[in-house]
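> return atomic coordinates for the entry below.
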Amino acid sequence: MIDQSGTVPVSIGGDHSITLPILRAIAGVNSRHKGPVGVIHLDAHVDAYGPVAGIKEHCGSMFMLALEEGLIDATRTIQIGIRGAMGDLRQDDWAHDAGYRIIEIDEFNDIGVDSVIAETRRIAGDGKPTYISWDLDVLDPAYAPAVADPETGGISINEALRFIRGLRGINIIGADIVCFTPHLDTTRITALNASSVLHEIVTIIADRISKNNPKK
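Numbers count the residues shown, from 1 in each chain. From the prediction side, this is the model:
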């Protein structure tokens, strides 16, 4: 009902396992989009991993399961900011083999924000339905220390906000911001930056809606 009404869901809080049920509600053949959607995913990890301790659905599996369930289009999915410790040298192979465009942090730093924006817009496509999934650990711990799985060497909050502003005009059908851990946020800097990311995402969504539905 929410999907059919045209509502654009934006969620904040929880771990990355919330993305899968959201996509089940707004994407795929039974949704108003009648098929898989594109995804702009910012994270330190690809989160396209198999079962852990016998558990299939967990905070690191959604970008595997969502593709298998026909909810997302691999050719229109980009993962940005990937880095961190490798528990297994093959842990990211599934995402690469699936056809996701992966911009690891070294490439991000080499080509710069403007080029990352251009590549993201190319992958998302003009006017096609696209979902944003933002794990706060894409930010360097200096800007978001209170996250579930912090990894050093992430992007800055200035780069993050500039990136989001560069997505203006893309058909964003929903978004989430995940992996905030409030009890670790003793300085409240993570909450401040999370709310800033949320504000920018909601703003570009509202901007596109207003331009597509001008007042008569």
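> the helices in this protein, which residues?
19-26, 62-68, 93-98, 105-124, 157-165, 189-212 (DSSP state H).
> quick one, which of those helices gets closest to Pro36.
helix 62-68 (8.0 Å; CB to CB). (C-beta placed from N, C-alpha, C; glycine too.)
> centre of the chain versus the longest strand seen in the chain, how much separation?
Using DSSP state E to define each element, the chain has its longest strand at strand 72-82. Its chain's C-alpha centre and that of strand 72-82 lie 9 Å apart, by CA atoms, centre = their mean, to the nearest Å.
> one more: stretch 57-66?
13 Å.
> and if you look at stretch 142-161?
For stretch 142-161 - counting by CA atoms, centre = their mean - the centre lies 14 Å from the chain centre.
> swap in stretch 173-192?
That offset, for stretch 173-192, works out to 14 Å (CA atoms, centre = their mean).
> buried ones in it, by neighbour count?
Residues Ile173, Gly174, Ala175, Asp176, Ile177, Val178, Cys179, Phe180, Thr181, Asp185, Ile189, Thr190 are the ones in stretch 173-192 that count as buried (16 or more other CB atoms under 10 Å).
> can you give me the end-to-end distance of it?
24 Å (CA to CA, to the nearest Å).
> report the rounded mean pLDDT for it.
Across stretch 173-192, pLDDT averages out at 97.
> what sits up against that stretch?
Residues outside stretch 173-192 that contact it (CB atoms under 8 Å, 6 or more residues apart in numbering): 8-16, 18-19, 22, 26-27, 33, 37, 59, 129-137, 143-149, 194, 197-198, 201, 205.
> rewinding a little: most packed of the helices of the chain?
helix 62-68 (a mean of 23; mean count of other CB atoms under 10 Å).
> show me what that one is packed up against.
Counting by 3 or more CB pairs under 8 Å, 6 or more residues apart in numbering; DSSP states H and E, the packing neighbours recorded for helix 62-68 are helix 19-26, strand 37-42, strand 72-82, helix 93-98.
> against Asp114, how distant is the residue nearest the centre of the chain?
In the chain, the C-alpha nearest the mean C-alpha coordinate belongs to Ser133, at 2.1 Å (CA atoms, centre = their mean). Ser133 sits 22 Å away from Asp114, taking CB to CB, to the nearest Å as the criterion.
> low-scoring stretches of this protein, by residue?
1, 51, 89, 215-216 (pLDDT under 70).
> swap the cut-off to 80 and go again
Residue ranges of the chain with pLDDT under 80: 1-2, 50-61, 84-91, 213-216.
> give me the buried subset of the contacts of stretch 173-192.
In the contacts of stretch 173-192, the ones that pass as buried (16+ other CB under 10 Å) are 8, 10, 12, 15-16, 18-19, 22, 26-27, 33, 37, 59, 129-137, 143-147, 149, 194, 197-198, 201, 205.
> ok, back up a step: among the contacts of stretch 173-192, which lie within strands?
Short answer: those in strands (DSSP E) are Val10, Ser11, Ile12, Val37, Thr130, Tyr131, Ile132, Ser133, Trp134, Asp135.
> pick out the most distant pair among those residues.
Comparing all pairs in the ones in strands among the contacts of stretch 173-192 by CB to CB, the longest separation belongs to Ile12 and Val37, at 19.9 Å.
> isn't Thr120 right next to Gly169, touching?
No - using CB atoms under 8 Å, Thr120 makes no contact with Gly169, being 11.9 Å away.
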